[in-house]
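Asks: Fold the following, please.
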Amino acid sequence: MGEIKQVKTSIQNGTKLVANQQTNTPNMLKKSILIENKAAINTRNLQLIIKTDLRESSIPIEDIGVLVLDHREIFISMTAMSHLVQNNCAVIICNQKHMPSGMFLNLESHHIQQEVFRNQINASVPLKKQLWQQTVVEKIQNQGLLLERLTGKSNHLKQIASKVLSGDTSNMEGVAAAAYWKSFFQESFKRERFGDYPNNFLNYGYAILRGATARALSGSGLLNTLGIHHRNKYNAFALADDIMEPYRPVVDEKVNELILRYEEQELNTAIKAELIQLLTRTVYFENEKSPLLIALQKTASSLQQCFTGKRKKIKYPKLWN
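Replies: Here you go, the predicted structure:
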């Protein structure tokens, strides 16, 4: 792996760039961009041109991995959108409450797309159940490790993880979640999609993680619509919801840190930027370390290989060394 250099976070009239720049490697980490002001977005010479009332800025489209649009008066041209998705950039749009609510992804991002789709569609039920079992085990183990780091006490989540069956038919994921959230925050906390603070922080972080996961899966030629476990007919990103599960504790850890550092209970620019910056966080594979955005690509690639029969396990990283 190449040298990793930190790029300082900068705010320029509502445009925030959050990235690590990784050199001398084919998996260069892309930048994450948050735009919160009224702006017009177009392209020129394969550069994304961002015009606000005060200035015009540009960035090479090939350098962008995630673009978050969080203002009701951001206008983006179809040319810009086309170039972004062709370069496998996840374009995330936010609603009036400033929460990510939609996403645009490339559907032609792999050279053997049809073959990849066919393998995924034809995956057997036993295979998908085994993959979900692996995913749930990794998630519960990571939750247990995070609790130990935060509380300094041992817990029973590792034992719960050892009881996960194929397809998690006994719902050990739910059992672990109940114990986890009870210990993570105060006992009165209830994890809800539209719940009270700090659910809003968690929801924003999960939405960014979901977008990055969907981007990685799409880049490996996989259909986000077809999950290995999630299968709600209204969910266009069921596979992303599956594969992001073991990564969720990185959001939980960051939210816990934000709660301790900020009295603010509403999402603001600084808090959103820190949550987006999670995509540059280092995670650990057996013989290497990697920024989370690239780790997701490795995980997605391994899942594709599971569908082809080249692998038996999804490659998930350790979130802590």
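Asks: What is the helix ranked longest in the chain packed up against?
Replies: For the chain, the helix that runs over the most residues, judged by DSSP state H, is helix 125-151. The elements that helix 125-151 packs onto, with contact taken as 3 or more CB pairs under 8 Å, 6 or more residues apart in numbering; DSSP states H and E, are helix 157-161, helix 172-184, helix 238-243, helix 248-261, helix 292-308. From N, CA and C alone the C-beta is placed, and that goes for glycine too.
Asks: Just say which of these is most tucked in.
Replies: helix 238-243 (a mean of 24; mean count of other CB atoms under 10 Å).
Asks: returning to what we had before: of all the helices and strands packed on helix 125-151, which one is nearest residue 134?
Replies: helix 292-308 (9.2 Å; CB to CB).
Asks: in stretch 79-96, what counts as buried?
Replies: 80-81, 83-85, 87-94 (16 or more other CB atoms under 10 Å).
Asks: still on that earlier bit, in the longest helix of the chain, which residues are buried?
Replies: 128-147.
Asks: that older thread, output the helices and strands packed on helix 125-151 in a markdown table; the columns should cover distance to residue 224.
Replies: As requested, the helices and strands packed on helix 125-151 are exported to a markdown table (distance: least, CB to CB, whole Å):
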| stretch | distance to residue 224 |
| --- | --- |
| helix 157-161 | 26 |
| helix 172-184 | 21 |
| helix 238-243 | 5 |
| helix 248-261 | 17 |
| helix 292-308 | 10 |
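Asks: Quick one: low-confidence residue ranges for the stretch 101-250 of the chain.
Replies: 107-112, 186-188 (pLDDT under 70).
Asks: re earlier: wait, which of the helices and strands packed on helix 125-151 is closest to residue 216?
Replies: Of all the helices and strands packed on helix 125-151, helix 292-308 comes closest under CB to CB, at 3.9 Å.
Asks: any idea how far residue 189 is from the closest residue to residue 197 other than its chain neighbours?
Replies: Nearest-residue entry for residue 197: residue 265, 4.3 Å, with adjacent residues in sequence omitted and distances by CB to CB, 6 or more residues apart in numbering. Look at residue 265 and residue 189: by CB to CB, to the nearest Å, they are 13 Å apart.
Asks: Just the pLDDT for the residue nearest to residue 150 when sequence neighbours are not counted.
Replies: Excluding its sequence neighbours, the residue lying closest to residue 150 (CB to CB, 6+ apart) is residue 256, at 6.4 Å. Looking at residue 256, its pLDDT stands at 94.
Asks: Which neighbouring elements make contact with the helix or strand in which residue 92 is found?
Replies: Residue 92 is part of strand 90-94, with elements assigned from DSSP states H and E. Applying 3+ CB pairs under 8 Å, 6+ apart, one finds that strand 90-94 contacts strand 64-69, helix 78-86, strand 100-104, helix 199-219.
Asks: closest to residue 33 out of those?
Replies: strand 64-69 (5.0 Å).
Asks: C-terminal to that closest one, which secondary structure element comes first?
Replies: Strand 64-69 is succeeded, C-terminally, by strand 74-76 (DSSP H and E).
Asks: What are the contacting residues of that next one?
Replies: 35, 38-42, 69, 91 (CB atoms under 8 Å, 6 or more residues apart in numbering).
Asks: buried residues in that strand?
Replies: Buried residues in strand 74-76 (16+ other CB under 10 Å): 74, 76.
Asks: quick one: it to chain centroid distance?
Replies: Strand 74-76 sits 24 Å away from the centroid of its parent chain (CA atoms, centre = their mean, to the nearest Å).
Asks: Kindly report the same for stretch 308-316.
Replies: Counting by CA atoms, centre = their mean, stretch 308-316 comes out at 20 Å from the chain centroid.
Asks: Just the CA trace of it, in CSV.
Replies: Only the C-alpha atoms of stretch 308-316 are listed here, as CSV (Å, rounded to 0.1, in the frame of the first residue of the first chain):
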residue,chain,number,x,y,z
THR,A,308,-18.9,-16.8,-8.2
GLY,A,309,-17.7,-19.5,-5.9
LYS,A,310,-14.1,-18.2,-5.7
ARG,A,311,-14.5,-17.4,-2.0
LYS,A,312,-16.5,-18.8,0.9
LYS,A,313,-16.3,-15.8,3.3
ILE,A,314,-16.9,-12.0,2.9
LYS,A,315,-13.7,-10.0,3.7
TYR,A,316,-14.6,-7.8,6.6
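Asks: of residue 265 and residue 189, who's got more company?
Replies: residue 189 (15 against 12; other CB atoms under 10 Å).
Asks: I'd assumed residue 181 was in contact with the more buried one.
Replies: Yes: with contacts counted by CB atoms under 8 Å, residue 189 reaches residue 181, the gap being 6.1 Å.
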